[in-house]
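> Take this sequence and fold it.
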Amino acid sequence: MDAGLFTANNVWMMLATALVFFMHTGFAFLEIGLTRQKNTINILFKNIFIITGGLLLYYAWGFNLMYPGFEDGDMGILKFAGFGIGAPEGGMTAAYADGGYTWWTDFLFQGMFAATAATIVSGAVAERIKIGSFMIFTVIYVGLVYPIVGAWKWGGGFLDTWGFYDFAGSTLVHSVGGWAALVAVSLLGSRIGKFGSDGKPKAIPGHNIPLATAGVLILWLGWFGFNGGSVLSADPELTSLVLVTTSLAAAAGGFGAFITSTVLYKNLDLTMFLNGILGGLVGITAGADLMSPNEAVVIGFLAGIIIVLGVALVDKLKLDDPVGAIAVHLICGIWGTLAVGIFGSMAGFDQFLTQLYGVLIVGGFCIVTSGIILGALKATLGLRVSKEEELEGLDIHEHGMDAYSDFRMNQH
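Below you'll find the model as predicted:
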């Protein structure tokens, strides 16, 4: 391979890595904006812990658990290539990864993905979880569960052998986080005041919708790296197609949610519009390289409709998800994965069944593992803060500080 092409590929992958890293800013802004001011420091602390802890865990063993080098005769379920990281022979040359990138770039790009699963959970459990319990959960879930599931497909495991397809992680990233969010919210219970005595949900408005809007736009930008980098080279045709399908699905998702929520609720709800964009992005992630622009628009628009219905379903089940993470990442993650069998160049009944089996297997594994981790934490350390802590805010109780210096003064 020409040295210039190898360099260009690697530079694009490093840029994509930076874009995926920047998504953590978007997640933080979105979660802060859609929740109350008194819990801002707590949310920021969780998000920073996820990024730093996730990268260290991926370095310590996660990368080698996710890419263990399955061989003929292996079951493709679990294998470990050892602790730590060290570049293999030829890892810095075009002989590695078909000249798409170096070994170090490979590690860092995949490491940026690893923390995302726990970030999804953070939004769903916001404003009421004990931070110590959340940190322990993050270490186990990001350190073990995420790389094991990733190995089943991206590491060449049994799902890959079956023909299951997930281009950039509708299932392997988004629903892995979404399933754990569903379990966590179920075990935690709803925030005080979320459901009235009649059982009907009440809105608990976020304190900074402009910040939430900025967060969604940052996430959309970051998705160019999330999906575009998953081409695993700077291939001009495929990379540009992926960015087009990603953007069109995002735009269509926003419109699907905005139109549906307007028809159902007779108001122009910005938060539904924003979550529709994210639903479109999650929905296209499994098949962004397989779809035509027309198919991307359909997938995104349907994801936007699914968001509105999904949020209503979560409320109906008496589950409290402050940022809509379950509807966005779990329900639209499932939709995007199944869409690979309905639209695009791999569409067909057999492929649809393979996608469905993958969704069910990953869902079952994530429900069991997150249930065990969170159940054990609930029985020992406890999951939920006290009523007093929740009412007064986690910032002052868990961290002894406020995000906005005049906040506590203005309360008195």
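
> how about low-confidence regions in the chain?
Counting by pLDDT under 70, the chain contains low-confidence ranges at 406-412.

> Let's see that with 90 instead.
1-2, 72-73, 86-87, 114-118, 197-199, 404-412 (pLDDT under 90).

> Double-check that residue 87 belongs to a helix.
No - going by DSSP: H, G, I helix; E, B strand; the rest coil, the assignment for residue 87 is coil, not a helix.

> give the contact list for it.
102, 103, 104 (CB atoms under 8 Å, 6 or more residues apart in numbering). C-beta: built from backbone N, CA, C; applies to glycine.

> Please type out the ChimeraX selection for whichever of these turn out to be buried.
With 16 or more other CB atoms under 10 Å as the burial test, the buried ones among the contacts of residue 87 are selected in ChimeraX as follows:
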select :102,103
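
> Please tabulate the contacts of residue 87 in TSV, including the columns distance to residue 136 and secondary structure.
Below are these laid out as TSV (distance: CB to CB, whole Å; DSSP: H, G, I helix; E, B strand; the rest coil):
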residue	distance to residue 136	secondary structure
102	34	coil
103	31	helix
104	30	helix
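
> Dump the contacts of residue 87 into a markdown table; add distance to residue 380 as well.
As requested, those are exported to a markdown table (distance: CB to CB, whole Å):
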| residue | distance to residue 380 |
| --- | --- |
| 102 | 43 |
| 103 | 40 |
| 104 | 39 |
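
> so residue 275 makes contact with residue 329?
No - with contact defined as CB atoms under 8 Å, residue 275 does not count as touching residue 329 (10.4 Å).

> ok, and the closest non-adjacent residue to residue 212?
Residue nearest to residue 212 in three dimensions, not counting chain neighbours: residue 33, with 2.8 Å by CB to CB, 6 or more residues apart in numbering.

> Just want the most central residue of this structure.
Central residue of the chain (CA atoms, centre = their mean): residue 174, 3.9 Å from the mean position.

> How much space separates the closest residue to residue 78 other than its chain neighbours from residue 67?
The spatial neighbour of residue 78 that comes closest, neighbours along the chain excluded (CB to CB, 6+ apart), is residue 148 at 6.3 Å. Distance of residue 148 to residue 67, given as CB to CB, to the nearest Å: 12 Å.

> pretty sure the residue nearest to residue 78 contacts residue 68?
No - at 10.0 Å, residue 148 does not count as touching residue 68 under the criterion of CB under 8 Å.

> neighbours around residue 213, how many?
By the measure other CB atoms under 10 Å, the count of residues near residue 213 is 18.

> so how far is residue 225 from it?
Residue 213 is 20 Å from residue 225, by CB to CB.

> Report how many residues lie close to residue 53.
18.

> just checking, it touches residue 140?
No - Residue 53 is beyond contact range of residue 140, at 10.9 Å (criterion: CB under 8 Å).

> Identify the residue spatially nearest to residue 387, adjacent ones excluded.
Nearest non-adjacent residue to residue 387, counting by CB to CB, 6+ apart: residue 192, 6.7 Å away.

> List phi and psi for that neighbour.
Backbone dihedrals for residue 192, given as degrees, to the nearest 10, come out at phi -60, psi 130.

> Return the residues in contact with it.
Contacts for residue 192 (CB under 8 Å, 6+ apart) come out as 387, 390, 391.

> And residue 244, by the same measure?
293, 296.

> which SS state does it fall under?
helix.
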